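Participant: Fold the following and give me the result.
(2 chains, ligands or ions: 2)
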Amino acid sequence: MILKIAFRNIFRQKRRTILTALAMIVGFTLSSVFIGWSDGTYSNIITTFTGNRIGHIQVHSKGYLDKPSLYKTIDNVSTVGEAIQSIPEVEAWSPRLFTSGIGSVNEKSTAVQIIGIDVARETKATQFDKKVIEGTTLAETASGQAVIGKGLAKILAATVGSELVIFSQAADGSIANDLYEVVGIMESGNAITDRVACYLHIEDAQQLFVLEGRVHEIVITVSKINKVAMVTENIRTRINDPLLEVSPWQVVAKSFYKAMKADQQGDAIGRVIIMLIVAIGVLNTVLMSVLERTREYGVLKALGTKPRQIFSLVVTEVIIIAIASICVGAILGILINYLLSINGIKLPQEFTYGGMKFGTMYTEVNMRSLIIPAVTVMLSAIIVSLFPAIKAARILPAKAMRTH
Amino acid sequence: MEQTQNHEVIVTDKVTKIFDPDGIPVNALNGIDLTITSGEFTAIVGPSGSGKTTFLNIISGLDTPTEGKVWLSGKIISEMNGNELSDFRRDNIGFIFQAYNLIPVLTVEENVEYIMLLAGVSKAERHERVKKMLKAVGLEGVEDRLPTQLSGGQQQRVAIARAMVSEPTIILADEPTANLDSKTGNDLLEMMRRLNDETGMTFIFSTHDPMVMDRARRLITLRDGQVDTDETK
Ligand SMILES: Nc1ncnc2c1ncn2[C@@H]1O[C@H](COP(=O)(O)OP(=O)(O)OP(=O)(O)O)[C@@H](O)[C@H]1O
Ligand SMILES: [Mg+2]
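Facilitator: Numbers count the residues shown, from 1 in each chain, chains lettered A, B, ... in the order given. Ligands and ions are numbered 1, 2, ... in the order given. Down below sits the predicted model:
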């Protein structure tokens, strides 16, 4: 009965219902697009960040991530690689070797980080070739070539064609020393690494450091970023090697991940402000409606309706409007987020995040952008209707009916 | 009337009501001692401000006396809490107000049904009783209309049907005819009196209208919150 009266009141007071619903719909949609936008931005950043550099999942020898060392290697690369490749969600995997040394071109010398890569695999996994801005990428077979970072090229005054001497210590303690031809200069998007990065073919690097058949890192990319946790687990069980560690990007790039999480917390403030606006709008209309219907509640109470029933009548009306508004808002939210996820929004100015540049942002259609606004709209609507509902429940019939 | 079969429905003992909204006390009721027996058809009359509405509110538990006691069906209603009063009103008192009686979003049938719904009467019985009651007040054929689609007289008849349908101990009506023209008002009173005859239900109503007063079997006149005259015809 309460439900019936509530429903009919909603249709009777069309103007008020529409106003209340409008506040809720606008709030929901704004909040939904806000979340879609923010999530879209972050997954954009994550995709770029992981896709270009660290991949989605990495395999290392135990303890390497915390304290990298020349000796903490993965020795059974091909078996591990096969295990990884057998998982359908895996898109690509690529082994890497990391060491450091001194690099010299003519008279100039500086510390360099030597990264040995499997050129074909690295190209597939992180689009290595696209980062080369001058010259060419490395040949797919070992041939004494090097690609160096833009910053490093500047420090060493190296150009395409320069001869680069690398000097270091090999894994067996002997002196590692060889000559390479700079075939390309690359820009990763991260200026700090570009000042030290020196890429060699992995076999050249293995030979130089006497690490034949061994690598320090395997980078894996998956088809969908939200599958990372599942694939990580999958790889762990398939490799089943206690000496190896499988880490998702969140662990590999801990500080980046934390900074991003903190940024996302900041977005919550925006959401709170939107919900406050909704709350004020709803409170206003519900209070007005209760005041206007004082007499009606008085009659209901005189007839024997309990205060608690009057209370639920007021709250039920708001809940019904909220449910309808959430449905409409969800449709609008999905629609807008969908359109913006396809067309994107061109930013007036590019921005840099974690050393990466972004020009066009895309929103994302996800559950979060529906569930969070739904919960907030519903909660704030209920909370805001409590006060008018209590007011209505406490109406004294004798008094209410004196106001003719 | 066979007085022997009748029993006391309402007894008031020195009921006093003082309103003090803005520091200026108003003595609305000044020690009212009255006994209403079952089957009465009683009018409460008196000049404006004499305390008629206040008296009706207090004997129905819509308001509490400042002093004194009210017994309704042997229970002291002035000592009940909110929920007890809600149930007690629902089961014992039928209300007819001057205006805005009906729940605007419910149809005629649903308005009459409402109290029985609160009381948890079964659907079949509700339907049965509503039908009988609407027939008794001559409202067949408008069951599905909303109150706004009825004339003032029709609305008051719905209110009477609603008040009587759950067979309460007593029907209280505060100026039920004040918003009606005199012919409609008269017809309404005629009908109430007929229902009183047929069912033996107790009616108490307040009025300004001499024509309405004439139809009462007992006339209680209030003046300055006190019983001025009390005559039974
Ligand atoms: N809630 C209230 N607050 C303050 N004063 C009140 C209140 N209710 C009634 N009064 C006062 O109590 C007195 C009696 O009022 P009441 O409404 O009972 O008179 P009445 O006989 O019903 O008058 P009317 O014929 O105009 O309806 C009046 O002086 C009125 O102003
Ligand atoms: Mg009055």
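
Participant: which stretches of chain A form helices?
Facilitator: Remark: helices assigned in chain A by DSSP state H are A:2-12, A:14-49, A:77-85, A:119-126, A:150-156, A:191-194, A:202-208, A:228-239, A:249-252, A:254-292, A:294-302, A:307-343, A:368-393, A:397-400.

Participant: Contact residues of chain B facing chain A?
Facilitator: Residues of chain B lying near chain A by CB under 8 Å from any CB of the partner chain: B:53, B:57, B:60, B:62-63, B:82-83, B:86-87, B:89-91, B:95, B:97-106, B:110, B:114-115, B:117-119, B:162. Quick note: C-beta positions are derived from backbone N, CA and C, even for glycine.

Participant: of the residues you listed, buried ones?
Facilitator: For the residues of chain B next to chain A, burial is judged from neighbour counts taken by 16 or more other CB atoms under 10 Å in any protein chain shown, and it is met by B:53, B:57, B:60, B:62-63, B:86, B:89-91, B:95, B:97-106, B:110, B:114-115, B:118, B:162.

Participant: Please narrow those residues to those residing in helices.
Facilitator: B:T53, B:N57, B:S86, B:R89, B:R90, B:D91, B:E110, B:Y114, B:I115, B:L118, B:R162.

Participant: pLDDT weak spots in chain B?
Facilitator: B:1-5 (pLDDT under 70).

Participant: Might you name the residue of it sitting closest to chain A?
Facilitator: Using CB to the nearest CB, the single residue of chain B nearest to chain A is B:R90, 2.6 Å away.

Participant: Thought B:L118 was touching that residue, still the case?
Facilitator: Yes - at 5.4 Å, B:R90 and B:L118 qualify as touching, with contact defined as CB atoms under 8 Å.

Participant: Show the average pLDDT along stretch A:264-276.
Facilitator: For stretch A:264-276, mean pLDDT rounds to 76.

Participant: circling back to that earlier point, how about the helices of chain A in TSV, adding distance to ligand 1 and mean neighbour count?
Facilitator: Formatted as TSV, those follow (distance: least, CB to the nearest ligand atom, whole Å; neighbours: other CB atoms under 10 Å in any protein chain shown):
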stretch	distance to ligand 1	mean neighbour count
helix A:2-12	27	16
helix A:14-49	28	21
helix A:77-85	82	16
helix A:119-126	80	20
helix A:150-156	85	20
helix A:191-194	78	15
helix A:202-208	92	21
helix A:228-239	67	17
helix A:249-252	67	19
helix A:254-292	18	16
helix A:294-302	12	22
helix A:307-343	19	19
helix A:368-393	18	20
helix A:397-400	6	20
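
Participant: now those as TSV including distance to chain B?
Facilitator: As requested, the helices of chain A are exported to TSV (distance: least, CB to the nearest CB, whole Å):
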stretch	distance to chain B
helix A:2-12	4
helix A:14-49	13
helix A:77-85	66
helix A:119-126	65
helix A:150-156	74
helix A:191-194	69
helix A:202-208	78
helix A:228-239	52
helix A:249-252	55
helix A:254-292	12
helix A:294-302	5
helix A:307-343	6
helix A:368-393	10
helix A:397-400	4
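
Participant: Now for chain A: which strand has the highest residue count?
Facilitator: Looking across chain A with DSSP state E, the single longest strand is strand A:90-105.

Participant: And for the residue of chain A found nearest chain B, the neighbour number?
Facilitator: Proximity of chain A to chain B (CB to the nearest CB) peaks at A:G304, 2.6 Å away. By the other CB atoms under 10 Å in any protein chain shown criterion, the neighbourhood of A:G304 contains 23 residues.

Participant: Need the three-state assignment for the most centrally placed residue in chain B.
Facilitator: By CA atoms, centre = their mean, the mean C-alpha position of chain B lies nearest to B:L172, the distance being 1.0 Å. Secondary structure assignment for B:L172 (DSSP: H, G, I helix; E, B strand; the rest coil): strand.

Participant: What residues does it make contact with?
Facilitator: By CB atoms under 8 Å, 6 or more residues apart in numbering or on different chains, the residues touching B:L172 are B:L56, B:I59, B:S60, B:I93, B:G94, B:F95, B:I96, B:I204, B:F205.

Participant: mind running it again at 6 Å?
Facilitator: By CB atoms under 6 Å, 6 or more residues apart in numbering or on different chains, the contact list for B:L172 reads B:L56, B:S60, B:I93, B:F95, B:I204.

Participant: what residues does chain B put near ligand 1?
Facilitator: B:F19, B:P21, B:V26, B:A28, B:G46, B:S48, B:G49, B:S50, B:G51, B:K52, B:T53, B:T54 (CB under 6 Å from any ligand atom).
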